[in-house]
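>>> Got a predicted model here, sequence first, then my questions.
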Amino acid sequence: MNAPGPIDAHAVLLVDDEAQACKWFARRYGDEFTVLTASGMEEALAVLAARGSEVAVLMTDYRMPRHTGVDLLAAVSGSHPHVVRVLMSAYADKDVALQAVNLGRVEHILEKPLDEPLTRQVLREALATARQRAHERALGERRAAMLRETLGFLAHEVRTPLATVSGYLAALRDRASGGDATTGAPLPDAAPGDTLRMIEAAQRRAEYAQSLVTSFVNTAREAYRPDSQASLTAGDLVRAALHEYPFEPGERERLHTALDADFPVPSRQRDLLYLVLCTLIKNALQAQQGQAQPAPRIELALCRTPRPSLRVIDNGPGLPAELKDRLTLQPVASGSGGTGMGLLFCRRVMTSIGGDIAVGDTEGGGATVTLLFPETRPVEVSP
C-alpha cells in the first residue's frame, strides 16, 4: 500500500479514454486546479503510484475500454484512502453509478456533459475533504507511532521495579524457608525491621510499576478522543510525580520545588508528560547514588521566560562531555549503567507537543535537564 498523501495533496487526476476530453478539461479547469490526466485504469494507477501523494481527487469517466470507472475507483479506495472519488456518467449509466455509490466506491457523481459551476463546487469540496483526510491519517499514524514507542519505553521502565520486587520476594522466601530446623520458625531479621523494610520497598516498586502501566493505558485511551478541555499545569505534573514516585527512605527530602512561575501544559499528554518527569527524577536520583558531599539535592523549577520550561537540576557528578551531545539523539551507554533511552523518549514526547529538551551543566557541578514547552498564557497561582 502506498504511503498516505500529505496534508497539501492538491491535484485533480482526470481519467478519460478520449484524449480530446482530457485536453478540454485541463484547459477549462486548469485556471483553478492542478490537473493531471490519464487515458485508462492502468495509466491512472501508474500516475498514482508515482504521484499519489499529490492527488487529492480522482475523477473518472464510467465508460472506458477493458475497465469501467467504478473498477478504478474501487481499486483506489483501498490503496489511496485520502483520495476523493468522483464518477462522470451519462444519463444511461445513472443506475449503475448509483449502485456504485451504495457500495461505497463512489463519493460524487457528475452527469455528462459537465455543468461547470457544479463541477467546480464539487472539486472545491473534494479538495477540502481530501486534505482533512490526509491530515487525520497523518495525525493517527503519529499517535500510533508514539504509542508504540511509549509501550517500548514502558516495558523498559517496568522491568527494573519488577526485578526489585522479585528480588525482595526471593529474599523473604529464602529467609522463611531457612527457618529454625527444630521449630520451623522463620529466621529473625539480620537487623531490626529488615523484613518490614523489604515488604515496604517491594510495595513501593509494585505501585510505581502499576502507575506506569496505568499512565500508558490512559494515554492509549485518550489518543483518539477529541482534545480534552480540562486544564493542566506544569505544577500539577510536579505535584503528581512527587506524590506517586516510589522514593526510597530519605530520597523525597532531597527534592525542592520552585513552582511560582506556573504555566499550562497540554492536558491530552498528561500521562506521557508524567512519565517524562518521573524519568528525569529517577535519573537524577540514580546519578547521586552513594554521594555524601555535597549533600544530594534536586530542584524542580518552573520558568516562564524566555519560554515556558520545567528544569530538573541536580548536584550530582554531571554528564560526561561525550555523552551530552548524544544523549537526546540516540541510546548510548553511560558510566552509571544507563542507556540514554529515557532521555531519548523524553525528547520525542516533548517534540511531539511542539517543545524540546535541553541538557546542560549545573553551576558548581551536576546536570540540568530542561523541558521546553510551547508558548502558552501564564497561569495565576493562588497564594
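Yep, that arrived. Numbers count the residues shown, from 1 in each chain.
>>> Gln286 and Gly69, how far apart?
64 Å (CB to CB, to the nearest Å). C-beta here means a position set from N, CA and C on the backbone, and glycine is covered the same way.
>>> Between those two, tell me which one has more neighbours.
Gly69 (30 against 14; other CB atoms under 10 Å).
>>> Show the contacting residues for that one.
Val15, Thr60, Asp61, Tyr62, Arg63, Leu87, Met88, Ser89 (CB atoms under 8 Å, 6 or more residues apart in numbering).
>>> what secondary structure does Ala21 sit in?
For Ala21, the assignment made with DSSP: H, G, I helix; E, B strand; the rest coil gives helix.
>>> Count the neighbours of it for me.
17.
>>> got the contact list for it?
Contacts of Ala21 (CB under 8 Å, 6+ apart): Asp61.
>>> Pull up the gap between it and Glu200, please.
The value you get for Ala21 to Glu200, if CB to CB is used, is 80 Å.
>>> the bottom helix or strand of this structure by mean pLDDT?
Least confident helix or strand, the chain: helix 321-324 with a mean of 60, by mean pLDDT, DSSP states H and E.
>>> Tell me where the model's unsure across this structure.
Scanning the chain for pLDDT under 70 picks out the ranges 1-8, 91-104, 139-140, 142-144, 146-153, 156, 176-192, 215-230, 320-342, 376-383.
>>> what helices or strands is the longest helix belonging to it leaning on?
Criterion DSSP state H: the longest helix present in the chain is helix 116-177. On a contact count with 3 or more CB pairs under 8 Å, 6 or more residues apart in numbering; DSSP states H and E, helix 116-177 meets helix 19-29, strand 55-61, strand 84-89, strand 108-111, helix 194-222, helix 270-287, helix 341-352.
>>> and those as CSV, adding distance to His256?
Output for the helices and strands packed on helix 116-177, formatted as CSV (distance: least, CB to CB, whole Å):
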stretch, distance to His256
helix 19-29, 66
strand 55-61, 55
strand 84-89, 57
strand 108-111, 63
helix 194-222, 21
helix 270-287, 12
helix 341-352, 21
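>>> if we compare those, which one ends up closest to Arg173?
Closest approach to Arg173 among the helices and strands packed on helix 116-177 (CB to CB): helix 194-222, 11.0 Å.
>>> counting contacts, what elements does that closest one pack onto?
Counting by 3+ CB pairs under 8 Å, 6+ apart, helix 194-222 packs on helix 116-177, helix 234-244, helix 270-287.
>>> Give me the next element, helix or strand, following the last one.
Secondary structure here is assigned by DSSP states H and E; on that basis, the next helix or strand after helix 270-287 toward the C-terminus is strand 298-303.
>>> That following strand - contacts with which helices or strands?
Taking 3+ CB pairs under 8 Å, 6+ apart as the contact cut, strand 298-303 packs with helix 234-244, strand 255-258, helix 270-287, strand 309-314.
>>> Would you mind giving those as a markdown table with distance to Gly52 added?
Below are the helices and strands packed on strand 298-303 laid out as a markdown table (distance: least, CB to CB, whole Å):
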| stretch | distance to Gly52 |
| --- | --- |
| helix 234-244 | 42 |
| strand 255-258 | 52 |
| helix 270-287 | 32 |
| strand 309-314 | 41 |
